[in-house]
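Peer 1: for reference, the sequence and a predicted model appear below.
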Amino acid sequence: MKIKALGHVVLKVTDLVRAEEFYNGLLGLPVCARFDQDGYEMTFFSLGNHHDFAIMKVGGGDGGQDEDRIGLHHVAFKIGTNLDDLREAKKKLDSAGVSAEPMDHEVTQSLYLEDPDGNGIELYVDVSESWRKDPQRVAQIKPLEL
């Protein structure tokens, strides 16, 4: 397994509209997709890739669960272009005792894990160009069997 590129960064925010107005309205990051399903609300931005940056709405509590706190959600690293690359990474992580959750985003297929300090990491492979015709395809999520 070798990281080939920095893929994207996802930040947790308390007010999605306010954050979108800042990143899109003020800074000019183009919105490519939105996701609102099963309690998850996200906005995806693109600078030419399927997405380069995203914001995710959270509760914002300072004493609650980690997933409700603002800040970094995860950093994504591209590790390849096919499912075999992802399977190889999963084997390596498993042998090192690192738990990783596979997810299918249609455009990418991913492994979600944490670094030793609990920071979110996504390792992914690009598997579809569907986002070029329909940018909303970025906002898909379902379990992945490896």
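Peer 2: Arrived safely. Numbering: from 1, shown residues only.

Peer 1: which positions within the longest helix anywhere in the chain qualify as buried?
Peer 2: When the chain is parsed with DSSP state H, its longest helix is helix 83-95. Using 16 or more other CB atoms under 10 Å as the test for burial, helix 83-95 gives 85-87, 89-90, 93. The way it works is simple: take the backbone N, C-alpha and C, and place the C-beta from them, glycine included.

Peer 1: which intervals of the chain have sub-threshold pLDDT?
Peer 2: For the chain, the stretches with pLDDT under 70 are 60-67.

Peer 1: which stretches of it form helices?
Peer 2: Shown for the chain, the helices assigned by DSSP H span residues 16-20, 83-95.

Peer 1: which helices and strands sit right next to the shortest one?
Peer 2: In terms of contacts (3 or more CB pairs under 8 Å, 6 or more residues apart in numbering; DSSP states H and E), helix 16-20 is packed against strand 40-45, strand 53-57.

Peer 1: which outside residues touch the first one?
Peer 2: Counting contacts by CB atoms under 8 Å, 6 or more residues apart in numbering, the residues outside strand 40-45 that touch it are 10, 16, 19-20, 23-24, 29-36, 51-57, 135, 138-139, 141.

Peer 1: any idea of the angle it forms with strand 53-57?
Peer 2: Put simply, strand 40-45 runs at 160 degrees to strand 53-57, going by axes from the mean of the first three to the mean of the last three CA atoms, to 10 degrees.

Peer 1: buried set for strand 40-45?
Peer 2: 42-45.

Peer 1: could you dump it to PDB, C-alpha only?
Peer 2: Taking Å, rounded to 0.1, in the frame of the first residue of the first chain, the C-alpha atoms of strand 40-45 are listed here in PDB:
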ATOM      1  CA  TYR A  40     -26.200  13.100   7.900                       C
ATOM      2  CA  GLU A  41     -26.000  16.500   6.200                       C
ATOM      3  CA  MET A  42     -23.000  17.300   4.100                       C
ATOM      4  CA  THR A  43     -22.000  19.700   1.300                       C
ATOM      5  CA  PHE A  44     -19.200  18.700  -1.100                       C
ATOM      6  CA  PHE A  45     -17.000  21.100  -2.900                       C
END
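
Peer 1: strand partners of that strand, parallel vs antiparallel please.
Peer 2: strand 31-37 (antiparallel), strand 53-57 (antiparallel) (DSSP bridges).

Peer 1: related to what we said a few turns ago, send me the longest helix of the chain as CSV with only the CA atoms.
Peer 2: Coordinates of each C-alpha in helix 83-95 appear next as CSV, following Å, rounded to 0.1, in the frame of the first residue of the first chain:
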residue,chain,number,x,y,z
LEU,A,83,-10.7,-2.8,-5.6
ASP,A,84,-7.6,-5.0,-5.5
ASP,A,85,-5.6,-2.0,-4.2
LEU,A,86,-8.2,-1.6,-1.4
ARG,A,87,-8.2,-5.3,-0.5
GLU,A,88,-4.4,-5.2,-0.2
ALA,A,89,-4.6,-2.2,2.1
LYS,A,90,-7.3,-4.0,4.2
LYS,A,91,-5.0,-7.1,4.6
LYS,A,92,-2.1,-4.9,5.7
LEU,A,93,-4.2,-3.0,8.2
ASP,A,94,-5.8,-6.3,9.5
SER,A,95,-2.3,-7.8,10.0
